[in-house]
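In: model the following, please.
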Amino acid sequence: QVQLVESGGGSVQVGGSLRLSCVASGFAYCMAWFRQAPGKEREGVAYITSIGTATYADPVKGRFTISRDNTKKTLYLQMSSLKPEDTDMYYCAAFRGSFCRLVAADYDYWGEGTQVTVSS
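Out: Numbering: from 1, shown residues only. Just a heads-up that it's a prediction; the model follows:
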């Protein structure tokens, strides 16, 4: 079992920045951020492997940066140039396999989520 606890969400104006954190209770090779709005499917934001290889969804490329500190078992998502369409609940996810994708069904462990609201 890997327990995940997110923090760092909040309200910010358009163009602002936020940093999300996710503390894990154990190790997982693939860690990712997903987001979901009410009534919509969960959408992949970015994933990162334990050796630091990262992949981003097109809507966030160039604006978001995913990183992890394996010694602290913590995953981060630095979000900048935020837009109203980035408003969502953001979830941290972990997968102990070795083939990472931005597919929600692959991930075994999920946090409770942290809300990000971007207002104009």
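In: quick one, what contacts residue 114?
Out: The neighbours of residue 114, taking CB atoms under 8 Å, 6 or more residues apart in numbering as the test, are 6, 7, 8, 9, 20, 89, 90. All C-beta atoms are positioned from the backbone trio N, CA, C, and that covers glycine.
In: dump those into a markdown table; add neighbour count, distance to residue 101 and pLDDT as well.
Out: Listed next are these as a markdown table, based on neighbours: other CB atoms under 10 Å; distance: CB to CB, whole Å; pLDDT from 0 to 100:
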| residue | neighbour count | distance to residue 101 | pLDDT |
| --- | --- | --- | --- |
| 6 | 22 | 21 | 97 |
| 7 | 13 | 25 | 97 |
| 8 | 16 | 24 | 97 |
| 9 | 19 | 24 | 97 |
| 20 | 23 | 20 | 98 |
| 89 | 18 | 21 | 98 |
| 90 | 23 | 18 | 98 |
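In: name the nearest of those residues relative to residue 51.
Out: Using CB to CB, residue 20 comes nearest to residue 51 of the contacts of residue 114, at 21.3 Å.
In: residues touching the residue nearest the centre of the chain, list them.
Out: By CA atoms, centre = their mean, the mean C-alpha position of the chain lies nearest to residue 33, the distance being 2.1 Å. By CB under 8 Å, 6+ apart, the residues touching residue 33 are 20, 22, 44-47, 66, 75, 77, 90-93.
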